[in-house]
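J.: structure here, sequence nowhere to be found:
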C-alpha cells in the first residue's frame, strides 16, 4: 500500500477511536472502536512499514490498562 493510504487509514483509526470514547451509547462506542482497530490492523498487516508498526506498538503500550477501565474510568 502507498504511504498516503497507510496514513489516511491510521488517521481514520485515531478519529474513530476518539469519537468512540465520546459516545454515550455503548454499542456505538464498541462499533467505532472495532472499526478503528480494523483500520489499524489493515495498515499493520498490509503495509509492511516498520516505522508505523513501531509507532502503533508504542501507542498500544501507552494506552491505559484494563484494570483502569474496570474501576469505572472511561477515556
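T.: Done, it's in. No experiment lies behind these values; they were computed from the predicted model shown.
J.: where does the protein have low pLDDT?
T.: By pLDDT under 70, the low-scoring segments of the chain are 47-49, 52, 65-75.
J.: try it again with 50
T.: Judged against pLDDT under 50, the chain has no low-scoring part.
J.: now do the helices in it.
T.: Shown for the chain, the helices assigned by DSSP state H span residues 3-21, 26-47, 50-62, 66-70.
J.: now those in JSON lines, with mean neighbour count?
T.: Using the backbone N, CA and C atoms, a C-beta is placed for each residue, glycine as well. JSON lines is the format used below for those (neighbours: other CB atoms under 10 Å):
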{"stretch": "helix 3-21", "mean neighbour count": "15"}
{"stretch": "helix 26-47", "mean neighbour count": "15"}
{"stretch": "helix 50-62", "mean neighbour count": "11"}
{"stretch": "helix 66-70", "mean neighbour count": "9"}
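J.: list the residues that contact the residue lying closest to residue 15 once chain neighbours are set aside.
T.: Of all residues not flanking residue 15 in the chain, residue 36 sits nearest, at 8.0 Å (CB to CB, 6 or more residues apart in numbering). Applying CB atoms under 8 Å, 6 or more residues apart in numbering to residue 36 gives the contacts 12-17, 20.
J.: again with residue 56
T.: 10, 40, 43-44.
J.: I'd like to know how far it sits from residue 24.
T.: Distance, residue 56 to residue 24, by CB to CB, to the nearest Å: 28 Å.
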